[in-house]
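>>> Pasting the sequence and the predicted coordinates here, then a few questions.
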Amino acid sequence: MTYPLGPRGQPDRARATVNAIPDPAVMRIGRVTRYNAGYITVAISDSDVLVDAAYIFGAYQPVLGDIVAVVKQGNQWLALGAMSPNPDDNPIANYSFEDGEASQPAPNWTIYHDPSSTNTTSIETSFTFLSPPIDGQKTLRVTLSPPPVGAISSSFDYVSSDPFPVTPGELWSAQAWVLANSLSGGPWVRGTGAIFFSFYNNAANTYPNTAAPDGGYGVVQLPTTPPWLLVRSESGAGTGVEVPAGVTHARVTLETDLTQEDTTSNYGITAYWDRVIATKLS
């Protein structure tokens, strides 16, 4: 037995076209609240929404508190990277070393040269032709003076931001970019760059006259050629650096350790710092 099929059906071309179009992409802005090797969690601005987003491998290195642009298509989120302007809530004065004259000390930063160093350094605002600055046109340059031929030279230097008020129990993160350069390549010329919070019970003391142990020590080994390296000050748990009791002010401190062990030459080594940002997380 057969049944009539009725009028021949007509395809709904409009509906078919709509169903074939992918969901439109939507861009939002948010702040990084945590991250791991695969994803970052972003608090979307002006809401309580938390989203897990992948980030572009090799192009963006997340930091707690970063303000990032994220794109959503369907149920997938992708973080494009951090926004370029200096964040409004960054308390670091002269954060990219643009203020002041080249070859002069950087305004709003104080220097401590560890007396155990075997040689002197020059620490000054500088243009760099080694690699374009991360931010602006200038950097902070730390140069280990070349040792006499046959000598070993080293220096340990700390450059600290102006103090900013903090409250015990607050969580903070900090970040900076650093690179190094030497005309003498090889394992005998080496350095490290580190960043941490130093804590004080007043706004007058400078490093190393601190009131509590340093917090959130982050360090990178410095190659003697580019690229710029990101160094972070965060807790190992990824929740930020907690301000200890009895503290009223903090400074972000940049540590530069440089060593020249090539006894056949007198080449020095130079480190450059740029774009120092501190963020209060809670």
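Yes, it's here. Numbering: from 1, shown residues only.
>>> hey, where'd the helices end up in this structure?
13-20 (DSSP state H).
>>> Quick check, central residue of the protein?
The chain has Gln175 as the residue nearest its centroid, 3.0 Å off, counting by Cα atoms, centre = their mean.
>>> With adjacent residues omitted, what lies nearest to that residue?
Spatially, and ignoring its direct neighbours in sequence, Gln175 is nearest to Val63 (4.6 Å; Cβ to Cβ, 6 or more residues apart in numbering). C-beta coordinates here come from the backbone N, C-alpha and C atoms, glycine included.
>>> For stretch 191-204, C-alpha coordinates in PDB please.
Below are the C-alpha coordinates for stretch 191-204, written out as PDB (Å, rounded to 0.1, in the frame of the first residue of the first chain):
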ATOM      1  CA  GLY A 191      73.700  37.100  34.800                       C
ATOM      2  CA  THR A 192      70.300  36.800  36.400                       C
ATOM      3  CA  GLY A 193      67.400  39.200  36.700                       C
ATOM      4  CA  ALA A 194      65.000  39.000  39.600                       C
ATOM      5  CA  ILE A 195      61.900  40.900  40.800                       C
ATOM      6  CA  PHE A 196      60.300  40.900  44.200                       C
ATOM      7  CA  PHE A 197      58.300  43.100  46.700                       C
ATOM      8  CA  SER A 198      60.300  44.700  49.500                       C
ATOM      9  CA  PHE A 199      58.300  45.800  52.500                       C
ATOM     10  CA  TYR A 200      58.600  48.700  54.900                       C
ATOM     11  CA  ASN A 201      56.900  50.200  58.000                       C
ATOM     12  CA  ASN A 202      57.300  53.800  56.600                       C
ATOM     13  CA  ALA A 203      57.700  55.600  53.300                       C
ATOM     14  CA  ALA A 204      61.300  56.800  54.000                       C
END
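>>> Return the distance of the residue nearest to the centre of the chain relative to Leu230.
6 Å (Cβ to Cβ, to the nearest Å).
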